[in-house]
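1. what follows is a predicted structure for the sequence shown.
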Protein chains: 2
Amino acid sequence: MTAYRNYQPELIQVTYRVLSPTLVDPEKRAKAIALGQTTDTWTPNANSGLAKLKKHTGVVLGVDERPHTEGKPYEYFLTIGFPTANIEDDIPSLLTMIFGKVSLDGLIRVETIELPADFLKQKGPGHGIEGIRKLVGEATKPLAMAIFKPCVGLSPAELGQMFYELALGGMHLVKDDEILPDISLCPAEKRLEAVLKAAEKAKKLTNQTTIYALNLTGRPSGLVSKARALAKLGAPCFLFNVLSYGYGVLEELRGVGVPVMAHPALAGAWCGGADTGFSYATILGTLMRAGGADIVLFPSSYGTVALPSKDTNQIGDALTKPLEKLKRSFPAPSAGIYPGLVPQILADFGNDCIINAGGGVHGHPKGARAGARAFRQAIDWCMTHRSFAGLSEQIFPELAAALRTWGARPSPR
Amino acid sequence: MTAYRNYQPELIQVTYRVLSPTLVDPEKRAKAIALGQTTDTWTPNANSGLAKLKKHTGVVLGVDERPHTEGKPYEYFLTIGFPTANIEDDIPSLLTMIFGKVSLDGLIRVETIELPADFLKQKGPGHGIEGIRKLVGEATKPLAMAIFKPCVGLSPAELGQMFYELALGGMHLVKDDEILPDISLCPAEKRLEAVLKAAEKAKKLTNQTTIYALNLTGRPSGLVSKARALAKLGAPCFLFNVLSYGYGVLEELRGVGVPVMAHPALAGAWCGGADTGFSYATILGTLMRAGGADIVLFPSSYGTVALPSKDTNQIGDALTKPLEKLKRSFPAPSAGIYPGLVPQILADFGNDCIINAGGGVHGHPKGARAGARAFRQAIDWCMTHRSFAGLSEQIFPELAAALRTWGARPSPR
C-alpha cells in the first residue's frame, strides 16, 4: 500500500479519487495525469523532452492506495501539483487544466483543490460576511432571506408587492427565483424599480433594510456592463447562476462592486455522480469563494432537495475557513426550509449563515408577511434556545403557527 | 406499468431518467419537476393558482415506468415540456430551467433534449460541414487534423515550425491543445502570426490549405471582441472550451463569422456519472450544434480516453441528423487516434468526419510530417478498402511505418 503526500503550496494542488476495476500502478496513473494535463502526450516526440518545458510540467505530490475489498473497484487518491504558469489567472483555464480532458477518462473525481496564494491574489468575495452584515445592519445573528414564489409569469408590480410583504415581515434579503429570466413580461430594470420602491416604503415602517438579489442573466459579453447599469439604478445585490454562465463571469462581476449571490443551479450535474465530476465542496465551496461570491446558496441536508450533511459541512467550511487574505462567503443552506429547522441550521452552520426559504415563507397560514416574521422570530428565539420548548404563543404568534403547520426539528447538540 | 409519450413540438421537450430506491408515483414525480422548475413550489400560496401563470407552467408529456428488478432501484423515464416563454432564447437560461435545481434532487439524468423550431431560429453552426469542406478544398473525403503536442511551454516560433511540418504532411486542420493559454510566453496573436506565415509557406509547396484552430481564452466579457480582433488578423478557426466558459459565449461567437471548434473539456464532469448529469449526446451533440459549433471534438470509443460506442454514435447522430434548417456540425472523434484506426472511424462516422490526432501524428517514427502523411494516406486508402490488407509499402511508406508502429484495426463492416 503506497501512501504519501508532499506539499508544494506554490502549486495548484488537486486531489483526485480514481476507481479502477483492475489493479493499477497508482504512481504511473498519477504521472499520466500530471503529464497529460500539462506538457506531454501518449507518445513522446522530439519536443517532449525539452528542458524548458519542465517548469510547465505537473508533478505527482501524493499517492494513497486504499485497502481493496474483493469484488469492489480499486481505489486511489492521487494528488497532482500544477504550475500557475500554465493558466490565465482565472477559473475557466484552471478547470480546463485540472479536469478538462482527464474528466473523460473513466471513474475519476476531483475531491479537493488547494489554490496557492499567488492565484488567490485579487480573488475572493468583495464584500463577504462582514460586508453583507453591514448592508443589512445586523452584526451577529443569522440573516433571514426569502425567495419570490411563484416568480416566472408575474409582473414587476406583483413582485414589488410580494417584496413589500416580505420586507414588512422583516426579511434581511429577498431574492429572485433562479429561473426568472429577463423577459419583456418582467424586465430586470422594471422589477428592480418596483422592488426598490417597495423596499423604501417598507423601511419607513420597519427601519429594516431589505436587500434585493436580482437575477442577472443575458449574453456573457454584456453581463458585466448590464450589472454596472443595474448597479447605477440601485441594484443592491445580484443573484447569479454561476454554472450556467461560467465562473469566468463571476470573477468579472467582482469588479462591479455589488455583492453577488451564487446559485447552485446545475451543481447536481457537476457533482452528483459519486465517482465522477467534482466534490460539492470544490464547486460550491472553494471555487465559488475564490471566484468572488459573497453569498453561496446550496441545498441543506434536511430540505426538499437534500445533500448529505458531509457535503454541506464541507461546503460551509470551504466558504468560511481562514484562507490567505480572502473574505468569507456567507453560507445559505436552502431548499425546503421552514422555521422549525432553524435550531438544526444554527447547530450546523453557527450564526454566520443565511436562512433562506421560499415555500416555507409564502406557505405560512397567515401569508408571506407572517411567514417572514416567523423566521425572524425563530432566529431570535434560537439565539438563547436549542429547541422551541417553552415558546410563548402570545409573544411569537407567527412562529407558533408555522411550527403547528410544519413541525420542528430541535437542535441535535 | 404506466407508459405513454405525447408530443408538443412547440415546447422544449426534455426526457429525464430517474432512479429511486423506493417505488414512487411517476406521474406525481414528473408533475413535481414540471411545476418546480417553472411556476410552483413545495407549498402552494395565494399566487400559485393564478390563471396567467398557466402559459409558463411545465407539462408532463411522458411517463415510462420500467420493469423493476428485485434489489435494484426503480427506474422511470419522464418527459416534461417547457415553454420557450420562460427563457431568454439562450442555452444558459435553458439549462437553468430544465436542470438547475432539479439536478440536485437525487439520481436524475437528462437523457434527451428536443428543441422547438422557435428556439432553433438563428441557431446552429454558421459554417457547418459544407462550409469547413469549402475552406479546406475537400468535397467528400474525411478531413485530417493534428494537435500541437507538446504545446504549453513552447514559443510561437516553435509552434509555427510544428505547424509547417504538419501542413507539409497534408493536414487539413491543425489545432492548439485545449490547455494552451494566452500567456506572455506564447500570446495568441503571436502564435497566430507565426502559424499563418507557416501556413502560407507550406501552401506554396503543397497547394493544400491548412486551417489553424486557435484556442480562444480570456475574460468572458471580452471573448467576442477578442475573437473579432483575431479574426481581423486572419484567424481561420477558433478552438473553444465551451464547458469551461459557458454555452452562452459559444452562442455569441457564431456572430463573429469564423468557424468554431468545440472542445469537450470537462464533459466527463457533466456526463460521466451514469445516473446523474446529462447524457453525452445532449451536451456534446444537441447543445453544441444548437449553440453553433461547426466542429465538435469528442473522445472516440477506441482511443486512450474512450467513451462507450453507444454514446459516440449518439453524439454523431445529434451533430448531423436533419433538424429544422440547421447546418450539420462536423464530428471529430479524438484521443489516442492513430492511422490504423481509420477504417473503424469511417465505419462508425462515414466520410463526414474529421480524423484528429496528437500523439498518433507526432509519434511517427519519421516525425510529424511523415505522421501527417500517414493519416492522409490512410484516408485515401480507406476510400476504397475496409482494411489495410494489400497495402503497397512503396506507394504508402509513411502509412506502412505507422501501421508497423501502432497496428491497425480493420473495419468491422
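-> Noted; the coordinates are in hand.

2. use CA for all of it now, contacts and neighbours both
-> Fine.

3. tell me which parts of the stretch 301-413 of chain A are close to chain B?
-> A:304-307, A:336, A:358-360, A:362-363, A:367 (CA under 8 Å from any CA of the partner chain).

4. send the alpha carbons of the longest helix along chain A over as CSV?
-> In chain A, with assignment by DSSP state H, the single longest helix is helix A:188-206. Provided in CSV are the C-alpha atoms of helix A:188-206 (Å, rounded to 0.1, in the frame of the first residue of the first chain):
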residue,chain,number,x,y,z
ALA,A,188,-34.9,43.2,-14.8
GLU,A,189,-35.0,47.0,-14.8
LYS,A,190,-38.7,47.2,-14.2
ARG,A,191,-38.7,44.8,-11.4
LEU,A,192,-35.8,46.4,-9.8
GLU,A,193,-37.7,49.7,-9.9
ALA,A,194,-40.8,48.2,-8.4
VAL,A,195,-38.8,46.4,-5.7
LEU,A,196,-36.7,49.4,-4.7
LYS,A,197,-39.9,51.4,-4.3
ALA,A,198,-41.4,48.7,-2.1
ALA,A,199,-38.2,48.4,-0.1
GLU,A,200,-38.2,52.1,0.6
LYS,A,201,-41.8,52.1,1.6
ALA,A,202,-41.3,49.2,3.9
LYS,A,203,-38.2,50.6,5.5
LYS,A,204,-40.1,53.6,6.6
LEU,A,205,-42.3,51.4,8.7
THR,A,206,-39.8,48.8,9.9
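
5. quick check: next helix or strand after it?
-> Counting by DSSP states H and E, the next helix or strand C-terminal to helix A:188-206 is strand A:211-215.

6. residues from the stretch 51-200 of chain A in reach of chain B?
-> The stretch 51-200 of chain A has residues A:52-53, A:56, A:86-88, A:92-93, A:95-97, A:99-107, A:109, A:149-154, A:178-183 near chain B, with proximity defined as CA under 8 Å from any CA.

7. ok, A:D177 - contacts?
-> A:D177 makes contact with A:147-149, A:151, A:215, according to CA atoms under 8 Å, 6 or more residues apart in numbering or on different chains.

8. which stretches in chain A count as strands?
-> A:3-5, A:12-20, A:59-65, A:74-82, A:108-114, A:143-147, A:173-175, A:211-215, A:237-241, A:260-263, A:277-278, A:295-299, A:330-334, A:354-357 (DSSP state E).

9. format these as JSON lines; extra columns: mean pLDDT and distance to B:V242.
-> Shown next, in JSON lines, are the strands of chain A (pLDDT from 0 to 100; distance: least, CA to CA, whole Å):
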{"stretch": "strand A:3-5", "mean pLDDT": "95", "distance to B:V242": "33"}
{"stretch": "strand A:12-20", "mean pLDDT": "98", "distance to B:V242": "22"}
{"stretch": "strand A:59-65", "mean pLDDT": "97", "distance to B:V242": "27"}
{"stretch": "strand A:74-82", "mean pLDDT": "98", "distance to B:V242": "22"}
{"stretch": "strand A:108-114", "mean pLDDT": "98", "distance to B:V242": "20"}
{"stretch": "strand A:143-147", "mean pLDDT": "97", "distance to B:V242": "31"}
{"stretch": "strand A:173-175", "mean pLDDT": "98", "distance to B:V242": "29"}
{"stretch": "strand A:211-215", "mean pLDDT": "98", "distance to B:V242": "23"}
{"stretch": "strand A:237-241", "mean pLDDT": "98", "distance to B:V242": "16"}
{"stretch": "strand A:260-263", "mean pLDDT": "98", "distance to B:V242": "20"}
{"stretch": "strand A:277-278", "mean pLDDT": "98", "distance to B:V242": "16"}
{"stretch": "strand A:295-299", "mean pLDDT": "97", "distance to B:V242": "24"}
{"stretch": "strand A:330-334", "mean pLDDT": "96", "distance to B:V242": "29"}
{"stretch": "strand A:354-357", "mean pLDDT": "96", "distance to B:V242": "32"}
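
10. can I get those in JSON lines with mean neighbour count?
-> Output for the strands of chain A, formatted as JSON lines (neighbours: other CA atoms under 10 Å in any protein chain shown):
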{"stretch": "strand A:3-5", "mean neighbour count": "13"}
{"stretch": "strand A:12-20", "mean neighbour count": "21"}
{"stretch": "strand A:59-65", "mean neighbour count": "22"}
{"stretch": "strand A:74-82", "mean neighbour count": "25"}
{"stretch": "strand A:108-114", "mean neighbour count": "23"}
{"stretch": "strand A:143-147", "mean neighbour count": "26"}
{"stretch": "strand A:173-175", "mean neighbour count": "25"}
{"stretch": "strand A:211-215", "mean neighbour count": "25"}
{"stretch": "strand A:237-241", "mean neighbour count": "26"}
{"stretch": "strand A:260-263", "mean neighbour count": "28"}
{"stretch": "strand A:277-278", "mean neighbour count": "30"}
{"stretch": "strand A:295-299", "mean neighbour count": "26"}
{"stretch": "strand A:330-334", "mean neighbour count": "27"}
{"stretch": "strand A:354-357", "mean neighbour count": "27"}
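
11. distance of the most centrally placed residue in chain A relative to A:F330?
-> Centroid-nearest residue in chain A: A:V296, 3.2 Å away (criterion: CA atoms, centre = their mean). Noted for A:V296: a distance of 6 Å to A:F330, by CA to CA, to the nearest Å.

12. point out where the stretch 1-150 of chain A drops to low pLDDT.
-> Along the stretch 1-150 of chain A, segments meeting pLDDT under 70 span A:41-49.

13. dump the residue contacts of A:R289.
-> A:124-125, A:318-319, A:328-329.

14. who wins on neighbours among the residues you listed?
-> A:S329 (34 neighbours; other CA atoms under 10 Å in any protein chain shown).

15. and the pLDDT at it?
-> Looking at A:S329, its pLDDT is 98.

16. quick check: it touching A:P125?
-> Yes - using CA atoms under 8 Å, A:S329 is in contact with A:P125, at 6.4 Å.

17. shared neighbours of the two, which are they?
-> By CA under 8 Å, 6+ apart, the residues touching both A:S329 and A:P125 are A:289, A:293-294.

18. show me the residues you listed that map onto helices.
-> A:R289.

19. need the shared contacts of A:S329 and A:P125 in CSV with distance to A:F388 and pLDDT, can you?
-> CSV is the format used below for those (distance: CA to CA, whole Å; pLDDT from 0 to 100):
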residue, distance to A:F388, pLDDT
A:R289, 34, 98
A:A293, 33, 98
A:D294, 31, 98
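
20. so can I have CSV of the shared contacts of A:S329 and A:P125 showing distance to A:G350?
-> What follows is those, written out as CSV (distance: CA to CA, whole Å):
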residue, distance to A:G350
A:R289, 18
A:A293, 19
A:D294, 17
